[in-house]
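*Asks:* Pasting a predicted model and its sequence here:
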Amino acid sequence: MAGPKYPGFDTLALHAGQSPDPATGSRAVPIYQTTSYVFRDTEHAASLFNMERAGHVYSRISNPTVAVLEERMAALEGGVGAIATASGQAALHLAVATLMGAGSHIVASGSLYGGSHNLLAYTLKRFGIDTTFVKPGNLGDWKRSILPNTRLLFGETLGNPGLDVLDIPAVSAIAHEAKVPLLVDATFTTPYLMKPFDLGADLLYHSATKFLGGHGTAIGGVLVDSGRFDWEASGKFETLTAPYSGFHNMDFEEESGTRAFLLRARREGLRDFGACMAPMTAFQILQGIETLHLRMPRHVENTRKVVAFLKNNSFVDRVIYPELPEHPDHELAKKLLPLGCGAVFSFEIKGGRAAGKRFIESLRVFSHLANVGDAKSLVIHPATTTHYRMSDEDLKKAGITAGTVRLSVGLEDAQDLIDDLDRSLKVSQK
Amino acid sequence: MNFVVGGRAAFAYTAAHELDAAKPTVVFIHGAGLDHSSFGLQSRYFGYHGWNVLALDLPGHGRSAGPPLGTIAAMADWVVEVLNQLNIEKAVLVGHSMGSLIALDAAARHAQRVEKIALIAVAYPMKVTAPFLEAAQRNDFAAFDMSTIWGHAAQVPLAGNPSPGMWMYGDSLARLRRLAPGVLYNDLKAADDYVFSGSVGCPVLFVLGRRDVMTPPRAAQELQGKIPHSQVAVVDSSGHALMVEAPDATLDALVAFLSR
């Protein structure tokens, strides 16, 4: 018998989770645009509802097209499974709501996407879940901020927008010592550039809207569980280890062990909060994932060329990219992100807010909009857009100034991108 | 449910039901390195269809305290001891892989306690390849890889899971990671060493996966020859992990067998 071999990343990106459609032979993933599924008989219906048989009941809970995306992402990340959600924000909310309720506490990186910061700092607080924000690189702060009611540590693989590299091995060790899991937002890195589970993270999610979809056509999120965190041994997660009267008194950990988190997230979180993904969206994101392994190297290659240009431009004060030796996390990036630090980064333009405004309005190839991870190059001014709700103090913590410009480098000819930036930088200084 | 066998904590999943002396009992016995949750859908079904269900965690697995038992005979005796402990006179035993040998051995040596046996993904002899056994002995992660890859049909990584959103390989690896060092080797060695003697008089069902590379259907033929009254159900689409690869077909085969 030959030695065992797993399929490679590129093969999984194209095939995992889908067999050719048994009814039609369709090779492409069919879009099952249906709300519900006909039961064979009443016994079959009862068995599906009571989780005695596998299958689909209602597309808010599961859908065959969406399930292909979920399984494919679990395969690419090395997880036990996944749940696709209406957005990345919905994925974060689903993770939190599955793990805890009022009276709980989260320790989170202070360098977060503005939407995540809003959810943790304001909205969840209203529902009794408090968050302490820490500087992601300060391991002592992570440790000191853990309280008896802490149920989760959370950060971004590459912090938004300063690209702080999360030291996942160290932060996960702190989390595990406290018997709580580490959740990471892996949107900027994708499974192509980093495998957070291999580094110690327990849960992760993506805004699939970004590099996974890759073409700026669909909003979605994916929450993936490594299955490695032992909820029973932790003793801190009643939602997973005590009978739940809202679902046949099920003890999710007893019922399914490694699948407990996803089981509750699907059977309660999707059922009750309802932030599911539409099948058409899943199809569009799957189309993106099928070329992820081709797009990400090109994103990184173009980014390196653009970074090199900006670094030597006299109208630029500072370029913030972990591959540059002056970035505070440069050494960590070399260790955790050997394939590259992604395609989203910031720089500070000379002349502050006014120069930034002239620069952005002069660009012709870069599109000024609130997104990243598109095949097309994008630009935004965080202080007036993605992070506009943050206080000056929080902005400073996140490493943003009035002159910070964020780029998401796409797949165009790199020289065209550089020419666009060069011309617009000159205009900015007039 | 938690109970004590031989002074050690033990666990069996009962599908959230109390044991009822008026109901028949079916005992599920997992394979090497696995636990009660490998029978998730099937055990739950019987728990809600008039049966007492005991999906066991063998010693040293899941929630049952270790150390693991070193031979198939010791494991079979332990299963019978569980029946004694819970005042169950007779039960149907459903075993998967190594668990099928335990069911077989219990049926041969404790015939009065066993109503029927269903042997899922069984082979006899259940020889384990040397590289697999050696890697397990070294607690080398390669053993988990072999268990995962050979434990599923070849098409599994490039196909859909009947359970929406779940990745079979990932689940297999996550379970194996939770094992204490040496447990997988203990189980593989026990299966490899097992010698069947005696005879089985109760009804016997073989449930085999046509795409099983670990215990292919042909590897069950010798045992079928020793139990001429046995029945066989072959699931075309499945590999070794029948309960997850073909959950409905496996359940249907068990329902038909147990309802006779």
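*Replies:* Looks like it arrived, so ask away.

*Asks:* and the helix or strand harbouring residue A:170 with chain B, contact?
*Replies:* Using DSSP states H and E, residue A:170 maps to helix A:168-177. No. Taking CB under 8 Å from any CB of the partner chain as the criterion, helix A:168-177 and chain B are apart, separated by no less than 13.5 Å. (Each C-beta comes from the backbone N, C-alpha and C, glycine too.)

*Asks:* How about stretch A:233-247?
*Replies:* Yes. Remark: stretch A:233-247 sits within contact range of chain B at residue A:243, by CB under 8 Å from any CB.

*Asks:* Identify all contacting residues around that stretch.
*Replies:* Stretch A:233-247 has contacts (CB atoms under 8 Å, 6 or more residues apart in numbering or on different chains) with A:98-101, A:151, A:179-180, A:231-232, A:249-254, A:260-261, A:264, A:267-268, B:16.

*Asks:* cutoff 6 Å now
*Replies:* A:179, A:231-232, A:249-253, A:260, A:264, A:267 (CB atoms under 6 Å, 6 or more residues apart in numbering or on different chains).

*Asks:* do stretch A:282-298 as well
*Replies:* With contacts defined as CB under 6 Å, 6+ apart, stretch A:282-298 is touched by A:9-10, A:13-14, A:29, A:31, A:65-66, A:69, A:84, A:192, A:208, A:212-215, A:217-218, A:220, A:411.

*Asks:* Tell me the buried residues in that stretch?
*Replies:* Going by neighbour count (16 or more other CB atoms under 10 Å in any protein chain shown), the buried part of stretch A:282-298 is A:282-293, A:295-296, A:298.

*Asks:* can you check stretch B:2-13 too?
*Replies:* Quick answer for stretch B:2-13 (16+ other CB under 10 Å): B:5, B:10-13.

*Asks:* Please tell me how far that stretch is from the chain's geometric centre.
*Replies:* Distance, stretch centre to chain centre, for stretch B:2-13: 18 Å (CA atoms, centre = their mean, to the nearest Å).

*Asks:* thinking again about what came up before, what about the contacts of stretch A:282-298, which are in strands?
*Replies:* residue A:84 (DSSP state E).

*Asks:* Contacting chain B as well, which ones from the contacts of stretch A:282-298?
*Replies:* Among the contacts of stretch A:282-298, not one lies near chain B by CB under 6 Å from any CB of the partner chain.

*Asks:* Which entries within the contacts of stretch A:282-298 meet the buried criterion?
*Replies:* Applying 16+ other CB under 10 Å to the contacts of stretch A:282-298 flags A:9, A:13-14, A:29, A:31, A:65-66, A:69, A:84, A:192, A:208, A:212-215, A:218, A:220, A:411 as buried.

*Asks:* Nearest to chain B among the buried residues of stretch A:282-298?
*Replies:* Comparing the buried residues of stretch A:282-298 against chain B with CB to the nearest CB places residue A:282 closest, at 11.0 Å.

*Asks:* my read: residue B:55 touches residue B:34, true?
*Replies:* No. Using CB atoms under 6 Å, residue B:55 makes no contact with residue B:34, being 10.7 Å away.

*Asks:* For the contacts of stretch A:233-247, could you give me a markdown table that also reports pLDDT, distance to chain B and secondary structure?
*Replies:* Converted to a markdown table, these look like this (pLDDT from 0 to 100; distance: CB to the nearest CB, whole Å; DSSP: H, G, I helix; E, B strand; the rest coil):
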| residue | pLDDT | distance to chain B | secondary structure |
| --- | --- | --- | --- |
| A:179 | 98 | 15 | coil |
| A:231 | 97 | 11 | helix |
| A:232 | 95 | 7 | helix |
| A:249 | 90 | 5 | coil |
| A:250 | 93 | 7 | strand |
| A:251 | 95 | 8 | coil |
| A:252 | 96 | 11 | helix |
| A:253 | 96 | 9 | helix |
| A:260 | 97 | 9 | helix |
| A:264 | 97 | 13 | helix |
| A:267 | 95 | 11 | helix |
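
*Asks:* Could you say which of the residues you listed is surrounded by the most neighbours?
*Replies:* residue A:260 (28 neighbours; other CB atoms under 10 Å in any protein chain shown).

*Asks:* contacting residues around it?
*Replies:* When contacts are counted by CB under 6 Å, 6+ apart, residue A:260 touches A:231, A:240, A:252-253.

*Asks:* which stretches of chain B form strands?
*Replies:* B:2-5, B:8-13, B:25-29, B:52-57, B:91-96, B:114-120, B:204-209, B:231-235.

*Asks:* The nearest residue to residue A:198 once chain neighbours are set aside: how many residues sit nearby?
*Replies:* Leaving aside its chain neighbours, residue A:198 sits nearest to residue A:78 (6.7 Å; criterion: CB to CB, 6 or more residues apart in numbering or on different chains). Using other CB under 10 Å, residue A:78 has 21 neighbouring residues.

*Asks:* wait, what's in contact with residue A:79?
*Replies:* Per CB under 6 Å, 6+ apart, neighbours of residue A:79: A:224-226, B:170.

*Asks:* In terms of helices and strands, where is it?
*Replies:* Applying DSSP H and E, one finds residue A:79 in no helix or strand.

*Asks:* Give the closest residue to it in space, chain neighbours not counted.
*Replies:* residue A:224 is the one closest to residue A:79 (CB to CB, 6+ apart), at 4.1 Å.

*Asks:* neighbouring strands for whichever helix or strand the one you found is part of, and are they parallel or not?
*Replies:* Following DSSP H and E, one finds residue A:224 within strand A:221-225. Strand pairing for strand A:221-225, determined by DSSP bridges: strand A:81-85 (antiparallel), strand A:203-207 (antiparallel).

*Asks:* Name the next helix or strand following the first one along the chain.
*Replies:* The one in question is strand A:81-85. helix A:88-99.

*Asks:* which other residues reach the strand holding residue A:224?
*Replies:* Taking CB under 6 Å, 6+ apart as the rule, strand A:221-225 contacts A:73-74, A:77, A:79-80, A:82-85, A:87-88, A:90-91, A:94-95, A:203-208, A:261-262.
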